[in-house]
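Asks: I'll drop the sequence and a predicted model, then ask my questions.
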Amino acid sequence: MIIHEKIFAEISFRNGTRIKLAEKEIVSASVRRQCCPDSNFEIGGVYSASLSMTASVSGTNSYNIRGAKIVLSTKYGNEENFQPMGTFWVTQASRISGDLYSLTAQDAVGWLETSSFNCSEDDKKMFENLTRYIGETYNQSPGTIQVWCWRIAIETCNALLSRTFGENLLTWEDYNTAVNGRYTNDWNFEAVSGDIRNLLLTCSVRNASGQTNSPRELLHYLAELAGGFIYAKENGNLTLGQFGQAEFGQAEIFLHEIEMNSCETAEYQLQNILVLLRACGHEDSTFTTIADTVLQTPFRIQIDSNPFLDGFTETAGNGYFTDYEARYGNGLYPFKEGLYYFHHRKDDEGALTSDRCAFRPFHCRVHKQERFHLGQRVKLALGEDNPVLSTITSIKWTFRGGWELACAGEDSRTMADALQRSKADKALTDVKLRYESLLSKIPGGGV
């Protein structure tokens, strides 16, 4: 299939100069996004998108291009207007010849790795324990997962960046509940008392609970409780993503739209068999068996040392923890249930719907004038009686070259899965078990 596509970019330099790049000046461009590692499926991903571009940029040099901001837009032949492909900051620039440069850039997620290296002495004290700073600043007003994301990305990280670079580099876009329904663990499944359904969190400031100096790591803790991921949208805004969001619908790809010999699909789907949560001496889990060992392979969700789940337990979740404990027998029950059904959608009242997404590992190269999104459900109509249903966890767009789509995952039923466990993994497990054993022997649990 011939792809009719136009491209446009604008580069903003630190001195305020802006250069517009027309199609004739852009030799090649590609953008890669992901919400999971390449090798396996996970929740809680916070990955930056990367741009690779070769373009003619006049009146500058590689030193000045590095750090510049690129806003990229494209338009397919069946579209009326240019659509954003992302906002990126150049991390590498090298001159090929004359005004021709090879550029590598990252989107706004890269700024979440801000460290004390770029900050003043006063700010460095904060970064010595960002978890403690966040907790002591905001714990007087418990918030939902999305509220905490906004506090960390905008009120904290953005404020630090603005003091260093003189501008607010990050913007946040709320998850659209009117269109997509509730995200995982925004609300509980059932009201506990009256109309109270929100799951409000505080952040644990204990030294043993998820201490970090990275805003990105704190957002990972929140994303895993939300059963999703955090990423920068094509318009440049940071946001919370979910698997199977209604606003993206289900993409349908036919055999003639797939590049020859580029498509591979697994015969099995990933099946969540375990959700295990540990927080401040409390533990709750649910386990299910594989119904069909030929068509299903297991994956597990285990959350431990999460400062927000610990904070929910320590402060009794603003009174909710004890209510849940009295009603369900365990205060962590609503989070456990939410994560067990993370790939099911909820309506705007918080009730589960029949809508769900499947995770069947695949990868293919698609030549189609259509835009694809992280977390989007996809149907591969390959001419089989049963089409392949899956969810997109990795995307690579290439200018006039189509898309590379994939769903991460691997077969954990093989012996290789056990062999891949390194000596460091085994040593870490041994240390944790010894620590928990010693802690249990201390009166009061070591508190």
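Replies: Structure's in. What do you need? Numbers count the residues shown, from 1 in each chain.

Asks: C-alpha only now, for contacts and for neighbours.
Replies: Will do.

Asks: Residue 38: what's it in contact with?
Replies: 394, 408, 409 (C-alpha atoms under 8 Å, 6 or more residues apart in numbering).

Asks: Let me have these in CSV, adding distance to residue 308 as columns.
Replies: Listed next are those as CSV, based on distance: C-alpha to C-alpha, whole Å:
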residue, distance to residue 308
394, 28
408, 27
409, 27
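
Asks: Show the buried residues in those.
Replies: 394, 408, 409 (16 or more other C-alpha atoms under 10 Å).

Asks: Please verify my assumption that the second one contacts residue 35.
Replies: No. Using C-alpha atoms under 8 Å, residue 408 and residue 35 do not qualify as a contacting pair, with a distance of 9.3 Å.

Asks: List the residue ranges of the stretch 301-447 of the chain that fall below the pLDDT cut-off.
Replies: Counting by pLDDT under 70, the stretch 301-447 of the chain contains low-confidence ranges at 316-319, 348-350, 411-447.

Asks: just the helices in the stretch 51-200 of the chain please.
Replies: 62-65, 121-127, 130-138, 145-150, 159-165, 177-180 (DSSP state H, counting those that start in this stretch).

Asks: Just the pLDDT at residue 164, thanks.
Replies: If you check residue 164, the pLDDT there is 76.

Asks: Please apply the same query to the one 3 residues further on.
Replies: Here the pLDDT value assigned to residue 167 is 82.

Asks: any idea how far residue 38 is from it?
Replies: Using C-alpha to C-alpha, to the nearest Å, residue 167 is found at 34 Å from residue 38.

Asks: How about residue 134?
Replies: 31 Å.

Asks: Residue 397 pairs with what?
Replies: residue 31, residue 403 (DSSP bridges).

Asks: and it, how far is that from residue 147?
Replies: Taking C-alpha to C-alpha, one finds residue 397 at 32 Å from residue 147.

Asks: try residue 213
Replies: Counting by C-alpha to C-alpha, the gap from residue 213 to residue 147 is 20 Å.

Asks: same question, residue 108
Replies: Distance from residue 108 to residue 147, by C-alpha to C-alpha: 19 Å.

Asks: out of those two, which sits in the more crowded spot?
Replies: For residue 108 versus residue 147, neighbours defined as other C-alpha atoms under 10 Å are more numerous around residue 108 (23 against 13).

Asks: For that one, list the residues it contacts.
Replies: Residue 108 neighbours (C-alpha under 8 Å, 6+ apart): 48, 87, 88, 89, 169, 170, 232, 236, 237, 238.

Asks: Redo those residues as TSV? Include distance to residue 17 and neighbour count.
Replies: Shown next, in TSV, are those (distance: C-alpha to C-alpha, whole Å; neighbours: other C-alpha atoms under 10 Å):
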residue	distance to residue 17	neighbour count
48	26	22
87	17	26
88	16	26
89	15	25
169	17	16
170	20	21
232	25	27
236	20	22
237	23	19
238	25	23
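
Asks: Just checking: what are the partner strands of the top strand by length along the chain?
Replies: Determined from DSSP state E, the single longest strand within the chain is strand 83-97. The pairing partners recorded for strand 83-97 under DSSP bridges are strand 69-76 (antiparallel), strand 100-106 (antiparallel).

Asks: Just tell me which of those strands ends up closest to residue 60.
Replies: strand 100-106 (10.4 Å; C-alpha to C-alpha).

Asks: Which one of the helices of the stretch 51-200 of the chain lies nearest to residue 313?
Replies: Nearest of the helices of the stretch 51-200 of the chain (C-alpha to C-alpha): helix 130-138, 13.9 Å.

Asks: average model confidence for the closest one?
Replies: The predicted model gives helix 130-138 an average pLDDT of 88.

Asks: what packs against that helix?
Replies: Applying 3 or more C-alpha pairs under 8 Å, 6 or more residues apart in numbering; DSSP states H and E, one finds that helix 130-138 contacts no other helix or strand.

Asks: Tell me which residues touch the residue nearest the centre of the chain, please.
Replies: The residue lying closest to the centre of the chain (C-alpha atoms, centre = their mean) is residue 229, at 2.5 Å. Applying C-alpha under 8 Å, 6+ apart, we find residue 229 in contact with 35, 43, 44, 45, 46, 220, 223, 240, 241, 242.

Asks: Just give me how far the longest strand of the chain sits from the chain centre.
Replies: 22 Å (C-alpha atoms, centre = their mean, to the nearest Å).

Asks: pLDDT on it, on average?
Replies: According to the model, strand 83-97 has a mean pLDDT of 96.

Asks: before we move on, what about stretch 14-28?
Replies: On average, stretch 14-28 scores 93.

Asks: buried ones in it?
Replies: For stretch 14-28, by 16+ other C-alpha under 10 Å, it's 21, 25, 26, 28.

Asks: Kindly check the end-to-end length of it for me.
Replies: 24 Å.

Asks: Could you do stretch 164-181 as well?
Replies: End-to-end for stretch 164-181, by C-alpha to C-alpha: 38 Å.

Asks: got the buried residues for that stretch?
Replies: Buried, per 16+ other C-alpha under 10 Å, within stretch 164-181: 169, 170, 171, 172, 175, 176, 177, 180, 181.

Asks: repeat for stretch 90-103
Replies: In stretch 90-103, counting by 16+ other C-alpha under 10 Å, buried: 90, 91, 92, 93, 94, 95, 100, 101, 102, 103.

Asks: Including distance to residue 307, could those go into JSON lines?
Replies: Converted to JSON lines, the buried residues of stretch 90-103 look like this (distance: C-alpha to C-alpha, whole Å):
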{"residue": "90", "distance to residue 307": "33"}
{"residue": "91", "distance to residue 307": "32"}
{"residue": "92", "distance to residue 307": "35"}
{"residue": "93", "distance to residue 307": "38"}
{"residue": "94", "distance to residue 307": "42"}
{"residue": "95", "distance to residue 307": "45"}
{"residue": "100", "distance to residue 307": "47"}
{"residue": "101", "distance to residue 307": "44"}
{"residue": "102", "distance to residue 307": "41"}
{"residue": "103", "distance to residue 307": "38"}
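
Asks: of those residues, closest to residue 78?
Replies: Nearest member of the buried residues of stretch 90-103 to residue 78, counting by C-alpha to C-alpha, is residue 103, at 28.8 Å.
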